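[1] after the sequence you'll find the predicted model.
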Amino acid sequence: MEKIGLIAGNRRFPLLFSESARKKGFSVVAVAIRHDTSPALAGYVNKMYWLNLRDFDRLADIFRKEGITKVVMAGQISPHRLFSREVIHSQDIQEILKSIKNKKADTIFGAIADKLKGEGLELLDSTIFIKDSLAPKGVLTKSEPDPAVWEDIKFGLELAKAIGALDIGQT
């Protein structure tokens, strides 16, 4: 059985990911982040390690020990925690924060992903096992939107992209 690593954040996504990966024949080894990851995840994975956020530098060692090279990040890690006292002594996180141009969540987690890649871990798309749970492309209602509604949709999409780029809320 092929193993896959999971860096598990909060909310339900890590559970959905793990359940789907196991149904598809994978063994899931999760690194759960204290104060973010739900303890319920233990029922969905084959093995789980608990880390404090300040122990980020242990991630690669855990996955190497488990013989894992493919990893997924699923669920949110509260971005404000990256600036808390909890991580002030984490040299890896401090180096990441000093190396980036801005402190937006996308930038921070992109830099974390790059650091993990540098440790020999291949980061996979977090939706790899749940494609069948995602909405398909196209119209999802009984009727096709008329031109005026399409204009509203395009306008809303532009706003959602702007909000996402500003990192001021989830879209």
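    Right, received. Where do you want to start? Numbering: from 1, shown residues only.
[2] how close does residue 39 sit to residue 50?
    Remark: distance between residue 39 and residue 50 (CB to CB, to the nearest Å) = 9 Å. Bear in mind the C-beta positions are built from the backbone N, C-alpha and C, glycine included.
[3] those two: who's more crowded?
    The residue with more neighbours, out of residue 39 and residue 50, is residue 50; 14 against 9, by other CB atoms under 10 Å.
[4] do a quick rundown of the helices in the chain.
    With helices called from DSSP state H, the chain shows them at 13-23, 59-65, 91-99, 105-118, 147-166.
[5] can you list contacts of the second one?
    The set of residues external to helix 59-65 that reach it, using CB atoms under 8 Å, 6 or more residues apart in numbering, is 5, 7, 29, 31, 49, 51, 69, 71, 116, 119, 120, 121.
[6] quick one, grab the pLDDT at the first one.
    What that stands for is residue 5. On pLDDT, residue 5 comes in at 98.
[7] test my guess that residue 86 contacts residue 52.
    Yes: contact status for residue 86 versus residue 52: in contact at 6.8 Å, counting by CB atoms under 8 Å.
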